[in-house]
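Engineer: Structure, please.
(one chain, ligands or ions: 1)
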Amino acid sequence: MPVLAGLTAATSIPALKRHPPMPTPTLSQSSPLVTTLLVCFILCGAAAGCAHLAAAPGWNAATLQQVPLPWSAADGLPSRTEIVAGQLVIHTDFPLAEQHRIVRELESLRADVSQQLGLPISDEPVHLYLFENKQRYDDFAARQFPGFPSRRAFFVETDTTLSVFAVWQDRIAEDLRHETTHGYVHAVVPTIPLWLDEGVAEYFELPRSEHGIHAAHVAHLSGRMLEGTWRPDLDRMEALASAGELSQDHYAEAWCWTHWLLNTTPQRRRLLQDYLTDVRRDGQTAPLSARLRHTEGLGADFATTLRAHLESLIPPPK
Ligand SMILES: [Zn+2]
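Structural biologist: Residues are numbered from 1 along each chain as shown. Just a heads-up that it's a prediction; the model follows:
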């Protein structure tokens with residue numbers, strides 16, 4: 001696992017994703033501490049259905065610098081069953097069959113993500129902690145992440161671990177596809193830009209049968225288009241510096257750019273893959289927008305192109 005604490009490019013690293021090294025540990029000197037951390041968690045929105053937000057108003061990420069590592073069963077983590085499925089180590093507090101559909105699906109997601117994004121497969125473990133009991137999950141989250149709002153699932157990256165925490169509930173498959181995608185991607189591209197990190201996770205959270213078409217995002221963005229309140233802007237997406245800035249619009253647009261890049265032309269798919277390969281080597285590589293302008297021409301109108309792409313995905317009226 002790369003040590004991210006040494007990264008100093010604060011302007012390009014979202015505040016919640018990359019913490020600077022701590023000046024003075026305040027817990028036991030023998031306890032490993034979180035020095036860098038990324039959190040993505042799931043928020044159930046009101047009218048708009050579910051979206052994924054990575055921060056909540058009033059939540060102070062700085063408090064996470066006090067969290068001791070590693071987590072263990074003694075911290076209230078599930079430990080009844082442990083299943084190893086490829087890169088995944090799944091810990092549950094209830095019986096879970098190794099051949100459970102969700103386990104197999106998450107395992108095959110690894111190859112999907114790797115293939116479509118042109119990324120190598122990593123052997124770095126991604127730990128999934130699945131709670132059957134919501135109260136125990138809430139208690140764990142409250143204890144380990146003080147001030148952290150209670151959510152269905154979240155992903156945490158530290159210097160040394162990639163972990164997903166989730167409650168086993170109706171939407172567990174979608175939640176785990178989203179958060180596990182973060183795990184697979186961060187195992188090989190820890191400095192992936194915030195907007196693309198979420199765009200990719202939104203893309204892969206869907207069942208394979210949906211072919212990456214996120215019906216909720218299509219409906220949301222097409223509504224915005226009708227209102228005249230959505231103008232796609234990749235530069236604006238790339239400028240997002242903190243997960244706390246992300247709205248539902250941002251998640252939907254991030255998904256839309258990702259879908260457009262992966263599903264319109266082989267050249268665009270290749271451009272995305274090459275970009276990720278370069279980000280792996282150098283987090284400061286030229287942004288995707290600059291590469292697009294180079295390959296598609298300086299005069300290309302990407303906003304119009306993306307809107308047209310979205311329109312092509314709107315299902316015909318019944
Ligand atoms: Zn996410």
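Engineer: what sits against residue 128?
Structural biologist: Contact analysis of residue 128 by CB atoms under 8 Å, 6 or more residues apart in numbering lists 88-91, 106, 163-164, 166, 176, 180. For every residue, glycine as well, the C-beta is placed using N, CA and C.
Engineer: nope, residue 293 is what I was after
Structural biologist: residue 300.
Engineer: now the helix or strand harbouring it: mean pLDDT?
Structural biologist: Following DSSP states H and E, one finds residue 293 within helix 288-296. The average pLDDT for helix 288-296 rounds to 94.
Engineer: can you list the residues of the stretch 201-318 of the chain near the ion?
Structural biologist: residue 201 (CB under 5 Å from the ion).
Engineer: From residue 161, how far out is the residue nearest to the spatial centre of the chain?
Structural biologist: When the chain is reduced to its mean C-alpha position, the nearest residue by CA atoms, centre = their mean turns out to be residue 182, at 4.1 Å. Distance, residue 182 to residue 161, using CB to CB, to the nearest Å: 13 Å.
Engineer: that older thread, of the contacts of residue 128, which belong to strands?
Structural biologist: Under the assignment DSSP state E, the contacts of residue 128 contribute 88-91, 163-164, 166 to strands.
Engineer: about what we covered before: what distance do you get for the residue nearest to the centre of the chain to the ion?
Structural biologist: 6 Å (CB to the ion, to the nearest Å).
Engineer: Isn't residue 271 up against residue 295?
Structural biologist: Yes. Using CB atoms under 8 Å, residue 271 is in contact with residue 295, at 6.1 Å.
Engineer: More neighbours: the two, which one.
Structural biologist: residue 271 (18 against 12; other CB atoms under 10 Å).
Engineer: got a list of what the more buried one touches?
Structural biologist: 261, 288, 291-292, 295 are the contacts of residue 271 under CB under 8 Å, 6+ apart.
Engineer: Neighbours of the residue in the stretch 201-318 of the chain that the ion sits nearest to, how many?
Structural biologist: The stretch 201-318 of the chain approaches the ion most closely through residue 201 (4.2 Å), counting by CB to the ion. Counted with other CB under 10 Å, the neighbours of residue 201 add up to 26.
Engineer: buried sites along the helix holding residue 293?
Structural biologist: 288-289, 291-292, 296 (16 or more other CB atoms under 10 Å).
Engineer: Switch the residues you listed over to JSON lines; also include distance to residue 275.
Structural biologist: Formatted as JSON lines, the buried residues of helix 288-296 follow (distance: CB to CB, whole Å):
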{"residue": "288", "distance to residue 275": "5"}
{"residue": "289", "distance to residue 275": "10"}
{"residue": "291", "distance to residue 275": "6"}
{"residue": "292", "distance to residue 275": "9"}
{"residue": "296", "distance to residue 275": "14"}
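Engineer: Which two among these are spaced furthest apart?
Structural biologist: 288 and 296 (11.6 Å; CB to CB).
Engineer: low-confidence ranges in the protein?
Structural biologist: By pLDDT under 70, the low-scoring segments of the chain are 1-71, 73, 147-150.
Engineer: 80 instead?
Structural biologist: Across the chain, the ranges flagged by pLDDT under 80 are 1-75, 146-151, 243-244, 298-299, 318.
Engineer: Helices of the protein, start to end?
Structural biologist: Using DSSP state H, the helices found in the chain span residues 101-117, 134-144, 172-188, 194-204, 215-227, 234-238, 248-263, 266-281, 288-296, 302-313.
Engineer: end to end, how far does stretch 287-304 reach?
Structural biologist: One end of stretch 287-304 to the other measures 20 Å (CA to CA, to the nearest Å).
Engineer: Tell me the gap between that stretch and the middle of its chain.
Structural biologist: 25 Å (CA atoms, centre = their mean, to the nearest Å).
Engineer: Then stretch 192-204?
Structural biologist: Centroid separation between stretch 192-204 and its chain, computed with CA atoms, centre = their mean, is 6 Å.
Engineer: Pull that stretch out as CSV, backbone CA atoms only.
Structural biologist: Taking Å, rounded to 0.1, in the frame of the first residue of the first chain, the C-alpha atoms of stretch 192-204 are listed here in CSV:
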residue,chain,number,x,y,z
ILE,A,192,-7.4,9.2,-8.8
PRO,A,193,-9.1,12.6,-9.0
LEU,A,194,-12.2,13.0,-6.8
TRP,A,195,-14.7,13.4,-9.6
LEU,A,196,-13.5,10.4,-11.5
ASP,A,197,-13.3,8.3,-8.4
GLU,A,198,-17.0,8.8,-7.8
GLY,A,199,-17.9,8.6,-11.5
VAL,A,200,-16.3,5.2,-11.8
ALA,A,201,-17.9,4.0,-8.5
GLU,A,202,-21.3,5.2,-9.7
TYR,A,203,-20.7,3.4,-13.0
PHE,A,204,-19.8,0.1,-11.5
